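K.L.:
build me a model:
(chains A, B and C)
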Amino acid sequence: MSSQLIFFILAALSIMSALFVVFSKNPIYSVIWLIVCFFSIAGHYIMLNAQFLAIVHIIVYAGAIMVLMLFTVMLLNLNKATEPHKPMLYKLAAMISGGLMLLVLLASMRSTALGAYASPAYTESGYVQNVGMVLFTEFLLPFEMTSVLFIAAMIGAVVLAKKEVH
Amino acid sequence: MQLTNRSKVVTKPEMTWVEKLYLPAILGGLQITIKHLFKKKATVKYPEVKKEFAPVYRGMHVLKRDEQGRENCTACGLCAVSCPAEAITMDAAERQKGEEHLYREEKYAAKYEINMLRCIYCGLCEEACPKDAIYLTDRIVPSEYTRGEFVFGKDMLVERIDDRVDVSKRKKEYSI
Amino acid sequence: MSVLVFKAILVVVLFLVSLGIAAYSTYAERKVAAFLQDRIGPDRAGPFGLLQPIADGVKMFLKEEIIPTLSDKFLFILGPSMFMVTTLMVSAVIPWGMPLEIGGEMFALQVADVNIGILYVLGVVSLGVYGIMIGGWASNNKYALLGAIRASSQMISYELAMGMSVVAILLMTNGSLSINHIVEAQGTGKLYGFINVSGMNWNVFYQPVAFLIFLICAFAEANRTPFDLPESESELIGGFHTEYSSMKLGLYLFGEYINMFISSAIISCLFFGGYNFPGIEYLGTILPHNIVSIISVLVLFGKIFFFIFFFMWVRWTIPRFRYDQLMRLGWQILMPIAIVNVLLTALGITLFGN
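P.N.:
Residues are numbered from 1 along each chain as shown, chains lettered A, B, ... in the order given. As a prediction, the model looks like this:
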């Protein structure tokens, strides 16, 4: 019962904060609502007994990526006067892509049946040791591939940031 | 052209590996600071412990009285003349009958003012005074709120009969 | 007594102790600063100035509170509160001593022995920067903004090296992330395998490099000199808390001292055996269990106080870094050393076993 209650509170919080991210006028508030959203999702992970995933989610997203986002947003000039007027074409493109997104979501939701809430069974698969075990045996190749991807991104960043030598 | 042989050519040699670690230098610095933890403290706890003034300290002026409590000053004006900052002004007056217990000489200063903001505390008035009347003491000039209040009159300068100021340290014997 | 009641009491006690230590750290800071500079420091409020923190607290509460007109009011208030909350949250996973025995039951002196202990610490510490950033931005002041930006980049840079140095410690304790396990592992076994002093098997003897990196990063994370660029009072007039006054400023200052306290606690737990002390097993045989527990708590606090003193000691020794030096140290020196240290530790463990 209590876990169900916590689940619904967390779910409501994550949906609400996600909506606020979109609807906030001030980008700083958007970023802060996004952080709240990440926290509620981390709460969901903890509900599923995936502590490692939850804390990594917080460290990586809330602790590092969102700090950088906030960093950039803070440096922007947020005066209303500097906001550019968006041409009609942009609005049309946004409308079409949003509509397509809705279509995909609807299609996927139609095929899923909404079951009753079932309290997740107690598992230890979310613990660090078990996550590590799975990552480095069953999913070793995808895991290493992602690290290659990161290296590629890092090298790209270094190349972009480096001064050109004539 | 070399004028003296005290000049030194500054070189900045490449740092060795140990120096580049910076840790020995930091440890050395920590050692120096921790030594100060046990050193004698320089603080004087002011209101309880007062620091001795030097004997040559020149603070607020006093107009002395003699042993019988009569004012020494005879308003000769030598102090005002000697004053490089022109801080001293005075009005002289003649001693009336029945005032002999107040003033030592027949002429006295009816008004005697020192502008403490102009005064540079050089002590020339004290040197100039032929009557042992003015001395600079080790008292500190009190703070005031306005500039006008810093013009001290006789009420601030003349020493009180019941609270004599000791100037023995500043009395000098001159032989002419 | 149920576990829940005990934990609730522990949380309240920890909260009060953290605040008390933070308050007296301000006093200690001024005293240490004074003594290192041949002065005597505050000595007017009470004997030896012991009531000074209370006087400071009253002053902070009674001062006029100014919120700049053009600031973002909500965020301006949110900043210091977030900073305070995140600093206080870390103390939950630190084992403060050996378990207490009350009515035949054992109660661990730790609020939550979570499976991910040290990651929790890193996570919460990384959140601490939000308080500074939000406060600095909301002030609508260029110095505050500069301070906030410096804080965020500095914290992100040093978190990486910090995490890497912790990895070496985790390798030492069979990969357990729980701080409780890390501390317990340092209380058993012989030092270097042959020096038989109980409770002396501290990580610092195996991992001096990791300790050094962690210490430097702890300085940077707690915004202490030589890494106090976010609030450098001589160039940024206080940095992110330029516009703050009254108790909101007090929260920032307090948070810094709580940060220092918690960092010291974590350093003690990870590298200096936490509540373990030489001869802990021998004392356990001659004294009742609870008394040994209390001694262990006192020992941990002794270590913490030493590190708090060390923080202050360093503050009055080393001048502040320049910004590019700070970044170079973090990324080009500490990071590679930490990674090499992890690799060497792994190699050593595979070659020599434990």
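K.L.:
and B:Phe150, how far from B:Cys119?
P.N.:
9 Å (C-beta to C-beta, to the nearest Å). (Each C-beta comes from the backbone N, C-alpha and C, glycine too.)
K.L.:
which of those two has more neighbours?
P.N.:
B:Cys119 (22 against 18; other C-beta atoms under 10 Å in any protein chain shown).
K.L.:
doesn't the more buried one fall inside a helix?
P.N.:
No. Applying DSSP: H, G, I helix; E, B strand; the rest coil, one finds B:Cys119 to be coil, outside a helix.
K.L.:
show me what contacts it?
P.N.:
B:His61, B:Cys83, B:Ala85, B:Ala87 (C-beta atoms under 8 Å, 6 or more residues apart in numbering or on different chains).
K.L.:
hmm, try it at 7 Å
P.N.:
B:Ala85, B:Ala87 (C-beta atoms under 7 Å, 6 or more residues apart in numbering or on different chains).
K.L.:
relative to chain A, how far out is it?
P.N.:
Here the distance between B:Cys119 and chain A works out to 57 Å (C-beta to the nearest C-beta, to the nearest Å).
K.L.:
what values do phi and psi take at that residue?
P.N.:
The phi/psi pair for B:Cys119 (degrees, to the nearest 10) reads phi -60, psi 140.
K.L.:
need the longest strand for chain B.
P.N.:
Across chain B, the longest stretch assigned as strand under DSSP state E is strand B:107-115.
K.L.:
which residues does the following helix or strand past it contact?
P.N.:
Per DSSP states H and E, the first helix or strand lying C-terminal to strand B:107-115 is helix B:124-128. Outside helix B:124-128, the residues within contact range by C-beta under 7 Å, 6+ apart are B:Leu78, B:Cys79, B:Ser82, B:Cys83, B:Pro84, B:Ile88, B:Ile134, B:Tyr135, B:Leu136.
K.L.:
tell me the bridge partners for the last one.
P.N.:
Going back to what we said before, that points to B:Leu136. As for beta bridges, B:Leu136 partners with B:His61 under DSSP bridges.
K.L.:
what are the buried residues along the longest strand of chain B?
P.N.:
By neighbour count on 16 or more other C-beta atoms under 10 Å in any protein chain shown, the buried set for strand B:107-115 is B:Tyr108, B:Ala109, B:Tyr112, B:Glu113, B:Ile114, B:Asn115.
K.L.:
name the nearest residue to the last one, sequence neighbours excluded.
P.N.:
Which is B:Asn115. Of all residues not flanking B:Asn115 in the chain, B:Ala87 sits nearest, at 4.6 Å (C-beta to C-beta, 6 or more residues apart in numbering or on different chains).
K.L.:
does the one you found touch B:Arg118 like I think?
P.N.:
Yes. Contact status for B:Ala87 versus B:Arg118: in contact at 3.8 Å, counting by C-beta atoms under 7 Å.
K.L.:
out of those two, which sits in the more crowded spot?
P.N.:
B:Ala87 (22 against 14).
K.L.:
below-threshold pLDDT in chain A: ranges please.
P.N.:
Low-confidence segments of chain A (pLDDT under 70): A:1, A:77-84, A:114-126, A:165-166.
K.L.:
for it, which residue gets nearest to chain B?
P.N.:
A:Val158 (24.7 Å; C-beta to the nearest C-beta).
K.L.:
ok, so what distance separates that residue from A:Met145?
P.N.:
Counting by C-beta to C-beta, the gap from A:Val158 to A:Met145 is 21 Å.
K.L.:
ok, A:Ile9 next?
P.N.:
The value you get for A:Ile9 to A:Met145, if C-beta to C-beta is used, is 37 Å.
K.L.:
ditto for C:Ser18
P.N.:
For C:Ser18 relative to A:Met145 (C-beta to C-beta), the value is 45 Å.
K.L.:
and the two? Which one has more around it.
P.N.:
More neighbours surround C:Ser18 than the other of C:Ser18 and A:Met145, with 20 against 11 (other C-beta under 10 Å).
K.L.:
doesn't the more buried one belong to a helix?
P.N.:
Yes. Using three-state DSSP, the assignment for C:Ser18 is a helix.
K.L.:
quick revisit: ok, the residue of chain A closest to chain B to chain C distance?
P.N.:
Separation of A:Val158 from chain C (C-beta to the nearest C-beta): 12 Å.
K.L.:
and the host helix or strand of that residue, what does it pack onto?
P.N.:
Following DSSP H and E, the helix or strand that holds A:Val158 is helix A:140-161. Using 3 or more C-beta pairs under 7 Å, 6 or more residues apart in numbering or on different chains; DSSP states H and E, no helix or strand is in contact with helix A:140-161.
K.L.:
what does that helix contact?
P.N.:
By C-beta under 7 Å, 6+ apart, helix A:140-161 touches A:Leu135.
K.L.:
one more pass at 8 Å, please.
P.N.:
A:Leu135, A:Phe136.
K.L.:
do stretch C:67-85 as well
P.N.:
The list of residues contacting stretch C:67-85 from outside it, by C-beta under 8 Å, 6+ apart, reads A:26, A:28, A:32, C:127-128, C:130-141, C:240, C:243-244, C:248-249, C:251-252, C:254-255, C:258.
K.L.:
let's see which of those residues end up in helices.
P.N.:
Judged by DSSP state H, these include A:28, A:32, C:127-128, C:130-138, C:248-249, C:251-252, C:254-255, C:258 as members of helices.
K.L.:
give me the buried entries from those.
P.N.:
The buried subset of the ones in helices among the contacts of stretch C:67-85 - by 16+ other C-beta under 10 Å - is A:28, A:32, C:127-128, C:130-138, C:248-249, C:251-252, C:254-255, C:258.
K.L.:
give me the subset of the residues you listed touching chain B.
P.N.:
By C-beta under 8 Å from any C-beta of the partner chain, no member of those lies near chain B.
K.L.:
need the residues of the stretch 51-200 of chain C near chain A, please.
P.N.:
Contact residues (C-beta under 8 Å from any C-beta) of the stretch 51-200 of chain C with chain A: C:72, C:75, C:114-116, C:119-120, C:122-123, C:126-127, C:129-130, C:133-134, C:137, C:145, C:148-149, C:152-153, C:155-156, C:159, C:175, C:177.
K.L.:
in helices, which of those appear?
P.N.:
Those of these lying in helices (DSSP H): C:75, C:119-120, C:122-123, C:126-127, C:129-130, C:133-134, C:137, C:145, C:148-149, C:152-153, C:155-156, C:159.
K.L.:
got the contact list for the most centrally placed residue in chain A?
P.N.:
Centroid check for chain A by C-alpha atoms, centre = their mean gives A:Phe38 as the closest residue, at 6.7 Å. In this structure, A:Phe38 makes contact with A:His57, A:Ile58, A:Tyr61, A:Ala62, A:Met66, judged by C-beta under 8 Å, 6+ apart.
K.L.:
what comes up buried for stretch B:53-69?
P.N.:
Those would be B:Arg58, B:Met60, B:His61, B:Val62, B:Leu63, B:Lys64, B:Arg65, for stretch B:53-69 by 16+ other C-beta under 10 Å.
K.L.:
what lies in contact with it?
P.N.:
Residues outside stretch B:53-69 that contact it (C-beta under 8 Å, 6+ apart) are B:71-73, B:101, B:104, B:109, B:112, B:114, B:116, B:119, B:121-123, B:125, B:132-142, B:152, B:154, B:157-159, B:161, B:164-165, B:167, B:169-170.
K.L.:
which among those residues end up buried?
P.N.:
B:71-73, B:104, B:109, B:112, B:114, B:116, B:119, B:121, B:123, B:125, B:133-138, B:141, B:152, B:157-159, B:165, B:167, B:170.
K.L.:
how far does stretch B:160-175 sit from the chain's center?
P.N.:
Its chain's C-alpha centre and that of stretch B:160-175 lie 15 Å apart, by C-alpha atoms, centre = their mean, to the nearest Å.
K.L.:
neighbouring contacts of it?
P.N.:
B:Pro55, B:Val62, B:Lys64, B:Arg65, B:Gly69, B:Glu126, B:Asp132, B:Tyr135, B:Leu136, B:Thr137, B:Arg139, B:Glu159.
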